[in-house]
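*Asks:* Compute the structure for the input listed below.
(2 chains)
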Amino acid sequence: GAVVSQHPSRVICKSGTSVKIECRSLDFQATTMFWYRQFPKQSLMLMATSNEGSKATYEQGVEKDKFLINHASLTLSTLTVTSAHPEDSSFYICSAISQGPVGYEQYFGPGTRLTVT
Amino acid sequence: GQNIDQPTEMTATEGAIVQINCTYQTSGFNGLFWYQQHAGEAPTFLSYNVLDGLEEKGRFSSFLSRSKGYSYLLLKELQMKDSASYLCAVNPGGGNKLTFGTGTQLKVEL
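*Replies:* Residues are numbered from 1 along each chain as shown, chains lettered A, B, ... in the order given. Okay, here's the model as predicted:
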């Protein structure tokens, strides 16, 4: 089956620093990946669509200069949280599109818990 | 805009049946997904409906009525491990983006 990994699984950083989160499709190629953010007891909020070889498409209200997305290959997308602040502390989840039993499905990574102190 | 509503919390007894409802109002419709998410983990795919009717998959079934903008997820023979958040998500069309509902936290008790 389609497997998506994320690294790191947990990260703690100081306010003002930058953090990079990697999302990899392990056994398939993904031209499109999505980045979500999830606050405690809330649902997933789509941040941006990452397209291989082109610029990411950001959802309304998401600062593209703060959340840098690079989709340099068909198996890797990275999200860099720049100048992190405590309010950026959240669970970040990526997903990748692959052909599944019911058509194109989103396969989710295990998530990255970011804590900004 | 897109609007997807689910109950916030539900409680059910082990061995029982529970139905989790989802209503949606979206700019378009190209399929509805149900995901299960345990705390601190990524969502896992449960079901997909694009046509009206019931899709059955073991202990889990999902129903869709496009005219009513309504779906439900039915869980039978509940087990303690079914305690999780259940997310309803709609593909409004024009790509593979999904819009998620707020999620329903299900607690299964003895």
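*Asks:* so what's the residue nearest to A:Pro86 when sequence neighbours are not counted up against?
*Replies:* In this structure, A:Pro86 finds its nearest non-sequential neighbour in A:Val116, 4.9 Å apart by C-beta to C-beta, 6 or more residues apart in numbering or on different chains. For glycine as for every other residue, the C-beta is placed from the backbone atoms N, C-alpha and C. Neighbouring residues of A:Val116 by C-beta atoms under 8 Å, 6 or more residues apart in numbering or on different chains: A:12-15, A:84-89.
*Asks:* right, is the lowest-mean-pLDDT helix or strand in chain A up against chain B?
*Replies:* Every helix and strand in chain A was compared by mean pLDDT, DSSP states H and E; the lowest is strand A:103-108, with a mean of 82. Yes - using C-beta under 8 Å from any C-beta of the partner chain, strand A:103-108 reaches chain B at A:103-108.
*Asks:* mean confidence score for the very next helix or strand once past that strand?
*Replies:* Next in sequence after strand A:103-108, counting helices and strands by DSSP states H and E, comes strand A:112-116. Strand A:112-116 shows a mean pLDDT of 96.
*Asks:* Can you name the residues of chain A sitting close to chain B?
*Replies:* Contact residues, chain A versus chain B (C-beta under 8 Å from any C-beta): A:32, A:34, A:41-46, A:49, A:91, A:93, A:97, A:100, A:102-111, A:113.
*Asks:* of these, buried ones?
*Replies:* With burial judged by 16 or more other C-beta atoms under 10 Å in any protein chain shown, the buried subset of these is A:32, A:34, A:43-46, A:49, A:91, A:93, A:97, A:105-109, A:111.
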